[in-house]
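Novice: Sequence first, then the predicted structure:
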Amino acid sequence: MSAANALSLRLAEQITEMLSLGRFQPGDKLPGEPEFSRELGVSRTTLREAIRVLATRGILEVRRGVGTFVTRSEHIHADYDLLKIQDTRVSLKDLYEIRLLFEPQAAYYACLRATEEELSAILRYGRELEDIVLARDPRWDEYERQFHNSIAAAAHNQFITALFPSLNRAIRQGVILANESPLVAEHTLGDHRRIMEYIKDRNPIGAKAAMHLHMLNTMQDFHIEID
């Protein structure tokens, strides 16, 4: 598989995740190509190919001269058996232990495997997230997911990608708690800056350590017992 094809497939997974989280509902029209490609941090060619992939799966419908629309929601998870993990009843402790297990390693591989386009997207999401956190913007959850998802996607591992629902569930619950504590926001900003610095330098050992520390700090802030 070429690098371009791999990137479009990962973008297709990312758009599918956006749909599963309710960003767009069945019947909704997606943003225009220029706007959506800028938001996702990819080229229009990559976006076009990802939409083609999702159209063949019955998830999107392209209407020439009109736009691209979301089809019926039951198609969304059809090809992602591992996504069923999102239906498991798990505690916040379990969710953060999963993050502790795979996110540091994802950061490690992202440093080694990320394309320049993916690296730029990670750093852009991180900078945008910092402004969101400082402003206590209600979009904190959305931007936090974009930042962490972009790192995990850049690891180029289909099983890590399949864990996105559990990752995002933990992030959603975590942001709810974080909004109640200025200390959590302060720790989050510091941790994210370290992660971004190591990823920018393509330092896999540093990125892995920084992500591991971020998970431990967050668990401690949430009073999650670390065995």
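Specialist: Right, received. Where do you want to start? Being a predicted model, the structure only gives us computed values, none of them experimental.
Novice: residue ranges for the strands of the protein, please.
Specialist: Applying DSSP state E to the chain gives strands spanning 60-63, 67-70.
Novice: which residues touch the residue nearest the centre of the chain?
Specialist: The chain has residue 149 as the residue nearest its centroid, 1.8 Å off, counting by CA atoms, centre = their mean. Taking CB atoms under 8 Å, 6 or more residues apart in numbering as the definition of contact, the neighbours of residue 149 are 14, 17, 164, 167, 168. The way it works is simple: take the backbone N, C-alpha and C, and place the C-beta from them, glycine included.
Novice: which of the residues you listed tops the neighbour count?
Specialist: residue 164 (25 neighbours; other CB atoms under 10 Å).
Novice: my guess is that residue meets residue 152, correct?
Specialist: Yes: using CB atoms under 8 Å as the test, residue 164 is close enough to residue 152 to be in contact (6.8 Å).
Novice: quick check: longest helix of this protein.
Specialist: Ranked by residue count, the top helix of the chain under DSSP state H comes out as helix 92-113.
Novice: which helices and strands does that helix pack with?
Specialist: Under the contact definition 3 or more CB pairs under 8 Å, 6 or more residues apart in numbering; DSSP states H and E, helix 92-113 sits against helix 140-153, helix 164-178, helix 182-200, helix 204-221.
Novice: Which stretch among the ones you listed is buried most, on average?
Specialist: Of all those, helix 140-153 has the most neighbours on average by mean count of other CB atoms under 10 Å, namely a mean of 23.
Novice: average model confidence for it?
Specialist: Helix 140-153 shows a mean pLDDT of 88.
Novice: got the end-to-end distance for stretch 108-119?
Specialist: Start-to-end span of stretch 108-119 (CA to CA, to the nearest Å) is 13 Å.
Novice: wait, what's in contact with residue 123?
Specialist: 196, 199, 200.
Novice: Would you mind checking which of the contacts of residue 149 is nearest to residue 67?
Specialist: Distance from residue 67 was checked for each of the contacts of residue 149 by CB to CB. The minimum falls on residue 14, at 19.2 Å.
Novice: Could you measure from the residue of the chain most remote from its centre over to residue 102?
Specialist: Residue distances from the centre of the chain (CA atoms, centre = their mean) peak at residue 65, which lies 30.6 Å from the mean C-alpha position. As defined by CB to CB, to the nearest Å, residue 65 lies at a distance of 43 Å from residue 102.
Novice: Backbone dihedrals for residue 114, both of them.
Specialist: phi -60, psi 140 (degrees, to the nearest 10).
Novice: any idea how far residue 210 is from the spatially closest residue to it that is not a sequence neighbour?
Specialist: Excluding the flanking residues, the one nearest residue 114 by CB to CB, 6 or more residues apart in numbering is residue 154, at 3.8 Å. Taken as CB to CB, the spacing of residue 154 relative to residue 210 amounts to 15 Å.
Novice: Just the buried positions in the longest helix of the chain, please.
Specialist: When burial is assessed from 16 or more other CB atoms under 10 Å, helix 92-113 yields the following buried residues: 92, 95-100, 102-111, 113.
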